[in-house]
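In: everything below, folded, please.
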Amino acid sequence: TFPRFPVGSITTRKFIQSSVSQVPRLHSIRRMATKQKEQKPQKQQKQKGKEEAGGQAKAQTFKIEAKKEDDLATWYSQICTRTELIEYYDVSGCYILRPWAYKMWKIISEYFDKEIEEMGVDDVYFPMFVSKGALEREKDHLEGFAPEVAWVTKSGDSDLQEPIAIRPTSETVMYPTFAKWIRSHRDLPLRINQWCNIVRWEFSHPTPFIRTREFLWQEGHTAFATKEEAMKEVRDILALYASVYENYLAVPVVQGKKTRKETFAGADYTTTVEAFIPVNGRAVQGGTSHHLGQSFSKMFDITFEDPEKADGSKCHVYQNSWGLTTRTLGVLLMVHSDNNGLVLPPKVAPLQVIIVPVGLTAKATDEQKETVNGACHKIQARLKAASIRAKCDDRTNVTGGWKFAHWEMKGVPIRLEVGPKDLEKNTALACRRDKPGKENKFSIDLDKLEEEATRALTTMQSEMLERATKERDEHIVTVTEWANFSPELNKKNLCLSPCCGKPECEIEVKKRSGEETKAAVMDERAPSMGAKGLCIPFDQPKLPEGSKCIITGEEAAYYCLYGRSY
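Out: Residues are numbered from 1 along each chain as shown. Predicted structure coming up:
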């Protein structure tokens, strides 16, 4: 309805001009609306296609993009997250362990727990909280952990009467109870172990598995009547730790004694297994076994009646403590994994064999599909019966190529491809994850499936250790002159050098090597930290007569293994 203005009036002329001027704009709006309407089905169709692609589209975003040799930090972060080992958490330094990672830790813990149980060690569980009084009773021990202790100070809105610490380790948690449990020599030896979590708060540069605020571990605590018994156990446990690394993780370690400066707070001495990461030339303390002597038993009054005297005389017990953590998984990842994902040694792999049906094209009949899938499931059942962790991936919503890439990234040691042509020959094509290209492929006779699969897994396990050992040994160099020390360190090597054994010597090594490296290396990404004494190896080369300490020039007492370390 048009408004009624007098004919010929100024208002009437303005209205007509305004209405006419809007006509092109209205046509433009109509054209845009029509175009959007035509485009909408196309956009919906594209989105629908993406959704139908599902896992395949998602898999592309999970590719390891960083190169291990170029950017280790980014590569390691991608390895941990994109292979579904961890998820980041909103508390810095804490991580969620996903099933694939936890299964590996479970395999390690089941092996170790069985071994120590046969040694006579029993599992227990103690509370995670430590009273301030108990923690402060051993001053040297507290000073060693003071920066790392997390304290609970409030309950709701109320302040606690006394702060309570969250255990950084459990010596001061357990040993007041040891004093109650041990009265007679008949109560010895007392050997217990617990699987638990630990919180050590103060640190910088958190790294999943390697350096975290909370981690899982086992901690053994034992008491003996004699020093000889205790010292024997220290080495027995250390040998078990070495077995975890070498026999399960295929990672070689150096067994040795820690320098005085690196000895566990409150211990007489500490023994260690030291692993090596070739890509950046750093060592990792893999596990420690401490002889505590009588320092804690005197502090907590852990005594027993002397069986050789009738006057009620008491003796203090000799104690040990030892621990292995989820750091084992970080070492495994850094040593073996590559730019395509995880490379897992068979013994610790959650899944040892993945079976993938292949050769089923769009023209394949239902009968052919049933035959191939049925054969794959039979192979799975036979392998499981032979105690091999196996799975058949018969998913139909992803392609064979997607499955290959997925399980390669997950690090499954052996992939079995089974298709119609393979079944005609009664074989399966096997592919080893640890070898590149055509070198990794070989045929398995299905009549000898269990035998040949077991042999392949065993061979892979041993060859992975051999390769890692060879590479580690190539990076341990004997250095007897200081002028060669920092240059070798900068070549990503560990230095085996004569040492006089004085604590100030080790301090000077770290200071000098750090300063010299900083001055010599221009690459900002290169490690500039100094070297520290990793251990005094038990397997000592013969020290030539007249050997001098690399720092002081005094007579050397032994060879010490130095290197940069996490």
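In: got the CA positions of the helix or strand residue 356 falls within in PDB?
Out: Following DSSP states H and E, one finds residue 356 within strand 353-357. Taking Å, rounded to 0.1, in the frame of the first residue of the first chain, the C-alpha atoms of strand 353-357 are listed here in PDB:
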ATOM      1  CA  VAL A 353      51.700 -59.400  16.000                       C
ATOM      2  CA  ILE A 354      49.000 -57.600  14.000                       C
ATOM      3  CA  ILE A 355      47.200 -59.600  11.300                       C
ATOM      4  CA  VAL A 356      45.700 -57.700   8.400                       C
ATOM      5  CA  PRO A 357      43.500 -59.200   5.700                       C
END
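In: give me the mean pLDDT for it.
Out: Mean pLDDT, strand 353-357: 97.
In: show me where the stretch 151-300 of the chain has helices.
Out: With helices called from DSSP state H, counting those that start in this stretch, the stretch 151-300 of the chain shows them at 171-181, 227-243, 295-299.
In: so who does residue 275 touch?
Out: 245, 251, 252, 253, 283, 284, 286, 331, 335 (Cβ atoms under 8 Å, 6 or more residues apart in numbering). (Each C-beta comes from the backbone N, C-alpha and C, glycine too.)
In: run through the bridge partners of it.
Out: Beta-bridge pairing for residue 275 (DSSP bridges): residue 284.
In: gap between the two ends of stretch 391-409?
Out: Terminal residues of stretch 391-409 lie 16 Å apart, using Cα to Cα, to the nearest Å.
In: contacts for it next, please.
Out: 54-56, 59, 62, 64, 82-83, 340-342, 351, 353-358, 373, 376-377, 379-380, 415, 433.
In: what's the answer for stretch 368-382, then?
Out: Residues from elsewhere that reach stretch 368-382, judged by Cβ under 8 Å, 6+ apart: 355-357, 359-360, 390-392, 394, 416, 418-420, 423, 428, 446, 449-450.
In: hey, which helix or strand in the chain has the poorest pLDDT?
Out: helix 55-60 (a mean of 42; mean pLDDT, DSSP states H and E).
In: next SSE after that one?
Out: Using DSSP H and E, the next helix or strand after helix 55-60 towards the C-terminus is helix 72-82.
In: C-terminal to that next one, what's the next element?
Out: Heading C-terminal from helix 72-82, the first helix or strand you meet, by DSSP H and E, is strand 86-88.
In: just give me how far that next one sits from the chain centre.
Out: 12 Å (Cα atoms, centre = their mean, to the nearest Å).
In: walk me through which strands it pairs with, and which way each runs.
Out: Its sheet considered, strand 86-88 pairs with strand 95-97 (antiparallel) by DSSP bridges.
In: buried residues of the strand it pairs with, list them for me.
Out: Of all the residues in strand 95-97, those buried under the rule 16 or more other Cβ atoms under 10 Å are 95, 97.
In: pLDDT on that strand, on average?
Out: 97.
In: next one: stretch 242-260
Out: 97.
In: kindly check the end-to-end length of stretch 305-319 for me.
Out: End-to-end for stretch 305-319, by Cα to Cα: 16 Å.
In: which residues are in contact with it?
Out: 175, 178, 182-185, 188, 190, 221-227, 229-230, 291-294, 296-298, 302-304.
In: between the contacts of residue 275, which sits nearest residue 439?
Out: Nearest to residue 439 among the contacts of residue 275: residue 335, at 20.0 Å, using Cβ to Cβ.
In: from residue 383, how far out is the closest one?
Out: Going from residue 335 to residue 383 by Cβ to Cβ, to the nearest Å gives 27 Å.
In: can you check residue 460 too?
Out: Taking Cβ to Cβ, one finds residue 460 at 15 Å from residue 383.
In: again, but for residue 206
Out: 39 Å.
In: out of those two, which sits in the busier spot?
Out: Neighbour count, other Cβ atoms under 10 Å: between residue 206 and residue 383, residue 383 has more, with 23 against 13.
In: shaky segments in the stretch 101-250 of the chain?
Out: 138-145 (pLDDT under 70).
In: all strands for it, in order.
Out: 122-123, 129-131, 150-155, 158-166, 190-199, 214-224 (DSSP state E, counting those that start in this stretch).
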